[in-house]
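> Structure, please.
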Amino acid sequence: MDLADQPEKLLEDYYKIYPSDLINFPEELKTILFECNVSKRGRSFLEIALRESYIKEENVDAINELTILVWQGMFTNILNNRKSYDFQTAAKTMNYITEIVHNANLFHFKK
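Below you'll find the model as predicted:
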C-alpha cells in the first residue's frame, strides 16, 4: 500500500481487506459507506443531519472538510507509524468529530 495514496484509495483498500466491517448496517448507511469518495461520504452523512435539522445548510461543506481533516490526520499518523492509536485514543478522535458535528451550528465559517 502506498501511503501517499488518496484517502479514497486507502478506504477502498480497507474495505477489500475487512469487508465484514460493513455487516449489520441499515441499507441507507451501507450505500453511504460504500461510497469511495470521502468527501461525498461525509457530505451524505451530514445531509441526514441537515434533514433532521441538526445542522445548517451553510455549514455542511465546512464541517465536512473539518471532519475529513481530523480523520486524515489520524490516518496519516497511524500509517506513517508516527503515533500508535489504541481503542481509547481512537474513541477520543471519534468524540472530537462527534463534538464538531453536534456543535456545527455554533460555527460561523466565512466563505
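> Could you grab the helix/strand/coil label for the nearest residue to Thr76 once chain neighbours are set aside?
Excluding its sequence neighbours, the residue lying closest to Thr76 (CB to CB, 6 or more residues apart in numbering) is Arg82, at 7.4 Å. Yep, even glycine has a C-beta here, placed from its N, CA and C like the rest. Of the three states, Arg82 takes coil under DSSP: H, G, I helix; E, B strand; the rest coil.
> Can you get me a residue count around Arg82?
8 (other CB atoms under 10 Å).
> got a list of contacts for the helix or strand harbouring Asp61?
Taking DSSP states H and E as the definition, Asp61 sits inside helix 60-79. Residues outside helix 60-79 that contact it (CB atoms under 8 Å, 6 or more residues apart in numbering): 1, 3, 7, 10, 38-39, 42-43, 46-47, 50, 55, 82-85, 90, 93, 96-97, 100-101, 104, 107, 109.
> from the residues you listed, which would you call buried?
Pro7, Leu10, Val38, Gly42, Arg43, Leu46, Leu50, Ile55, Ile97, Val101, Ala104 (16 or more other CB atoms under 10 Å).
> still on that earlier bit, can you pull the buried residues of the helix holding Asp61?
Quick answer for helix 60-79 (16+ other CB under 10 Å): Val60, Ile63, Asn64, Leu66, Thr67, Ile68, Trp71, Met74, Phe75.
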